[in-house]
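# Quick one: sequence plus predicted model below, questions after.
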Amino acid sequence: ALRLSYLRSGGHDLAILDQLLHLQVEATVLEKGTLGLRESRRMVVPAEPPGSAARGLDEALLAVELENRRLEDELLVLKVRRERRADAGSRVAQRHAEELAQLQAEVGMLRCHTERPGPRLPPAILPPPVAPPRPP
């Protein structure tokens, strides 16, 4: 539940996810009481007496299940990153489309003003240029 909450809130730090996985393995070990933390971490099935083959299979299954959960977490992190990139890209594309539409509207207005027949303002009448003073 803690791992899922972290991922859903946008967390994606692999070190934290690894710590959460480590805590989950430790909690499972404490619940089962049959497997040491080192063995589950390396997914090594310890040598068992002949009568405890079922317990060894349970431990191996637990180790595989924990590794699957870790890989699922990594996949979820990658999916979240990909969705964030896609969202950022679509926001940028939308902003560019809005700017393009605004520029096209302005160009259309300018064309209308230049192509419209009718009285135009006379060119600006400026005073004659002033020559620079002569050197002494």
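Sure, I can see it. Numbering: from 1, shown residues only.

# pull the helix or strand with minimum mean pLDDT from the chain.
helix 37-42 (a mean of 46; mean pLDDT, DSSP states H and E).

# Run a quick neighbour tally on residue 29.
19 (other CB atoms under 10 Å). Placement of C-beta: from N, CA and C, glycine included.

# so what does the helix or strand where it lies touch, helix or strand wise?
For residue 29, the element it lies in under DSSP states H and E is helix 14-32. Counting contacts by 3 or more CB pairs under 8 Å, 6 or more residues apart in numbering; DSSP states H and E, helix 14-32 is packed against helix 2-8, helix 37-42, helix 53-115.

# what residue is smack in the middle of this protein?
Geometric centre of the chain, nearest residue: residue 81, 2.7 Å, by CA atoms, centre = their mean.

# could you list every residue that touches residue 84?
By CB atoms under 8 Å, 6 or more residues apart in numbering, no residues touch residue 84.

# got a pLDDT number for it?
We have a pLDDT of 85 for residue 84.

# ok, now residue 13?
The predicted local confidence for residue 13 is 80.

# start at 857 instead
Fine by me, first position is 857 from now on; the one you just mentioned is residue 869.
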